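**Student:** sequence and predicted structure below; questions after.
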Amino acid sequence: MAKLTGTAWSELPHFCTGLHTVPDTPDILIGLLDGDHTRRARAVWNLYRLLLNQERVFPATAPAALVVAALLGDPRMLAEGRWERRAGRRSLRAELLNWLASFADVARLDAGNGVGAPQDLAAARAARPALHTHVAVFCEDDDPQVREAAVAATALLLADPSLAASIPRYAPVVRDVLARSADSYYRWIARERLETWGEDTTVLITAEEEYRAATDRAHALADDPFDEGQEQAIRWLAEQPQDTAALELPGRWHPARTAPEPAAQHEPAPEPPTAAQASAPGYRGPWRIAGGEERDEWTFTPYVGVGPLHFGMTLEEITAALGEEGSASSSYDPGSDERRLNYADFRAAGVRALFRMDRLECVAVNALTGPQVRLDGVPLTGCVPSRAEDWLVHRTAHGRLMYSPAADPVFPDLGLAIRFQHAGDVNLTRPLFLLHNWLDLWHSLPSEEWNLR
């Protein structure tokens, strides 16, 4: 704990230091030692969203990584549970090793890749030898999940020139442990690192291509109710080990839609969208559109939160932030007696909070009555969908764009999707603010959201 108490954290901000209800780095690190799993899981999640946000490092990132590495030997790291980014159960030690692997992966990138300020990237790289000392001792751990995560982190830390002499020692371990893993990220690390170290990876590349081709064929058959091979394909897929790799940007491109070409430099920017006119005074029907003076004004920070809501909040915290009780919907996990919160509607606030593992991961804003959320001062709530889409596409011309099967535009760089909501004879924008693993709207949103009218 000396590294934790002896660091001037007030001088080392993370992605959102100073924002209301966003924890500071020491609070995140202390949360890793909490006896309650929910608080531990939130602390791990905050390591990703605040200290490695969108694969960037910050002034607090390298010092935090050194504290995390120093905690790996603590007996409290043996606590098991489910964690946000990876499927299945594993120990806290294994999950923190995965975070250190992500840290090491970012630290080896060039500053020109947008991974952070040069001095922060330099600090991250300078920490690698010390991190290696703490991580390498777990490369022969009896827990296979810990062992794999430690080998993955070690392989990426060996990008540091001062550790190059250790590569011959670890290359066989990387091939033996990571190349055979069910985790596709670990297998990618094995192929990429071994090739960088001058090893022959032909067999590994061929095996990966053949497995992916077989998986694609099986998925196609499983989705075809008229094919005689459907049942066999479903059985084969069920027999495959679960890929526990973290879902970073899993959105699917819909084959019927393509992203428009980026706007040419000489093309004028489209007119920004404007909020729809309010309903006539006295109208109280189901399609009533609130006026601007009736709506709260909210702003959002991509992948952090919107208005007073921050991703990772519990239902109780959202209730306190909005000042009203939500109408919640929950269901049982498949094969479990546990009920999981799906979503909660806050009618007075005009928002729907959507959950995963009982924590806020997506906020849908009601087009008719919800708060006015602005981007660069431009409204996103209750606008004509085509105008909002045109303006956002032009604004993010050099970013990524994808569409849901329902033709909803999704902007990964903003953590934003624009859906529409009926208002009588017209449609108005219903913005969704979400985390990376919700960008695939089709597989993330509940049926109640798709059926909304």
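**Tutor:** Alright, I've got the coordinates. From a predicted model like this one, the values you see are computed outputs, not experimental measurements.

**Student:** and for Gln277, the neighbour number?
**Tutor:** Using other C-beta atoms under 10 Å, Gln277 has 10 neighbouring residues. C-beta coordinates here come from the backbone N, C-alpha and C atoms, glycine included.

**Student:** ok, Gly285 next?
**Tutor:** By other C-beta under 10 Å, the residues close to Gly285 number 7.

**Student:** can you name the residues that contact it?
**Tutor:** Gly285 sits next to Ser279 when contact means C-beta atoms under 8 Å, 6 or more residues apart in numbering.

**Student:** tell me the secondary structure for it?
**Tutor:** Under DSSP: H, G, I helix; E, B strand; the rest coil, Gly285 falls in the coil class.

**Student:** what distance do you get for it to Ala423?
**Tutor:** 10 Å (C-beta to C-beta, to the nearest Å).

**Student:** what do you get for Arg85?
**Tutor:** For Arg85, the distance to Ala423 - C-beta to C-beta - is 37 Å.

**Student:** average pLDDT across the longest helix belonging to the chain?
**Tutor:** Under DSSP state H, the helix in the chain containing the largest number of residues is helix 202-222. Model confidence over helix 202-222, given as mean pLDDT, is 91.

**Student:** residues of it that come out buried?
**Tutor:** 204, 208, 218, 221-222 (16 or more other C-beta atoms under 10 Å).

**Student:** can you check stretch 80-92 too?
**Tutor:** Across stretch 80-92, burial judged by 16+ other C-beta under 10 Å covers 83-86, 90-92.

**Student:** below-threshold pLDDT in this protein: ranges please.
**Tutor:** Regions of the chain meeting the criterion pLDDT under 70 cover residues 1-2, 20-21, 246-267, 333-337, 397-399, 453.

**Student:** find the helix or strand that the residue sitting furthest away from the middle of it is a member of.
**Tutor:** Most distant from the centre of the chain: Gly282, at 43.4 Å, with distances by C-alpha atoms, centre = their mean. Gly282 is part of no helix or strand, with elements assigned from DSSP states H and E.

**Student:** do Asn427 as well
**Tutor:** Counting by DSSP H and E, Asn427 is part of strand 426-434.

**Student:** how about Arg90?
**Tutor:** Here Arg90, judged by DSSP H and E, is contained in strand 89-91.

**Student:** helices or strands next to the helix or strand following that strand in the packing?
**Tutor:** Once the chain leaves strand 89-91, the next helix or strand it forms, by DSSP H and E, is helix 92-107. Judged by 3 or more C-beta pairs under 8 Å, 6 or more residues apart in numbering; DSSP states H and E, helix 92-107 is in contact with helix 37-51, helix 61-71, helix 118-126, helix 128-136, helix 144-157.

**Student:** note down every partner strand of the strand holding Arg90 and its orientation.
**Tutor:** Applying DSSP bridges, strand 89-91 is found paired with strand 80-82 (antiparallel).

**Student:** any chance you could list what contacts the partner strand?
**Tutor:** Residues from elsewhere that reach strand 80-82, judged by C-beta under 8 Å, 6+ apart: 37, 40-41, 88-92, 357.

**Student:** redo these as CSV? Include distance to Gly377.
**Tutor:** Supplementary listing: the contacts of strand 80-82 in CSV, determined by distance: C-beta to C-beta, whole Å:
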residue, distance to Gly377
His37, 41
Arg40, 39
Ala41, 36
Gly88, 44
Arg89, 45
Arg90, 44
Ser91, 47
Leu92, 43
Met357, 35
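
**Student:** output the longest helix of the chain as PDB, nothing but the C-alphas.
**Tutor:** These are the backbone C-alpha positions of helix 202-222, laid out as PDB (Å, rounded to 0.1, in the frame of the first residue of the first chain):
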ATOM      1  CA  THR A 202       2.600 -20.300 -40.200                       C
ATOM      2  CA  VAL A 203       0.900 -23.200 -38.400                       C
ATOM      3  CA  LEU A 204      -0.800 -20.900 -35.900                       C
ATOM      4  CA  ILE A 205      -2.100 -18.600 -38.700                       C
ATOM      5  CA  THR A 206      -3.400 -21.500 -40.700                       C
ATOM      6  CA  ALA A 207      -5.100 -23.100 -37.700                       C
ATOM      7  CA  GLU A 208      -6.800 -19.700 -36.800                       C
ATOM      8  CA  GLU A 209      -8.000 -19.200 -40.400                       C
ATOM      9  CA  GLU A 210      -9.400 -22.700 -40.600                       C
ATOM     10  CA  TYR A 211     -11.200 -22.400 -37.200                       C
ATOM     11  CA  ARG A 212     -12.700 -19.100 -38.100                       C
ATOM     12  CA  ALA A 213     -13.900 -20.400 -41.500                       C
ATOM     13  CA  ALA A 214     -15.500 -23.500 -39.800                       C
ATOM     14  CA  THR A 215     -17.200 -21.200 -37.200                       C
ATOM     15  CA  ASP A 216     -18.600 -18.900 -39.900                       C
ATOM     16  CA  ARG A 217     -19.900 -21.900 -41.800                       C
ATOM     17  CA  ALA A 218     -21.500 -23.300 -38.700                       C
ATOM     18  CA  HIS A 219     -23.100 -20.000 -37.800                       C
ATOM     19  CA  ALA A 220     -24.600 -19.700 -41.300                       C
ATOM     20  CA  LEU A 221     -26.000 -23.300 -41.100                       C
ATOM     21  CA  ALA A 222     -27.300 -22.700 -37.600                       C
END
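
**Student:** for it, packing partners?
**Tutor:** Packing partners of helix 202-222 (3+ C-beta pairs under 8 Å, 6+ apart): helix 184-196, helix 230-239.
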